[in-house]
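Need the 3D shape of this:
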Amino acid sequence: MKKPNIKIEVTKEDTGYSANALIKDNFIATEAEAFEALKTNVLEALNLAFEDKGFTYTINEIKFEYDLESFFDFYKVINAKALSERIGMNQSLLAQYIKGIKKPSASQTKRILQGVQQIGRELSEVHFLL
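Below is the predicted model of the structure:
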């Protein structure tokens, strides 16, 4: 058996975060108050689930997928107002998506994701004067 690729869904809950995935008939689920603790729990659960196959995972091998609320809660450094201006979305609407008051359509989610990814690409190309 080839070592499976891992994609974990992360959701913001009232008391922290939850994470789950269905991988080769293995249902993996865990929760934690903080995202760093959640990552540790996910890694432990994965390694326990695949221990009998001889697979060991590192955190870099795990792809995390977020709902909007958990993403913006974890990455507080991203300014929602500035993002809304950049992607041409009403600030109030984006705030409602982030708070979970409204659920964005697939096209709106894609629009938000593309804006975040564009910022990431721009930041990865930044150089400071030394």
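
Now do stretch 81-94: everything it contacts.
A80, A95, K102, Q108, R111, I112, Q114, G115, V116, Q118, I119 (Cβ atoms under 8 Å, 6 or more residues apart in numbering). In this view, the C-beta of every residue, glycine as well, is placed from N, C-alpha and C.

residues near the fourth one, how many?
Using other Cβ atoms under 10 Å, Q108 has 17 neighbouring residues.

Against E44, how distant is it?
According to Cβ to Cβ, to the nearest Å, Q108 stands 35 Å off from E44.

Repeat that for the second one.
As for A95, its distance to E44 is 35 Å (criterion: Cβ to Cβ).

buried stuff in the longest helix along the chain?
When the chain is parsed with DSSP state H, its longest helix is helix 106-124. Of all the residues in helix 106-124, those buried under the rule 16 or more other Cβ atoms under 10 Å are Q108, R111, I112, G115, V116, I119.

Other residues contacting it?
In contact with helix 106-124 (Cβ under 8 Å, 6+ apart) are residues L68, F71, I78, L83, R86, I87, M89, L94, Y97, P104.

Make sure the last one is actually in contact with D67.
No - contact between P104 and D67 fails when scored by Cβ atoms under 8 Å: they sit 10.1 Å apart.

Might you list the low-confidence residue ranges for this structure?
Within the chain, not a single segment meets pLDDT under 70.
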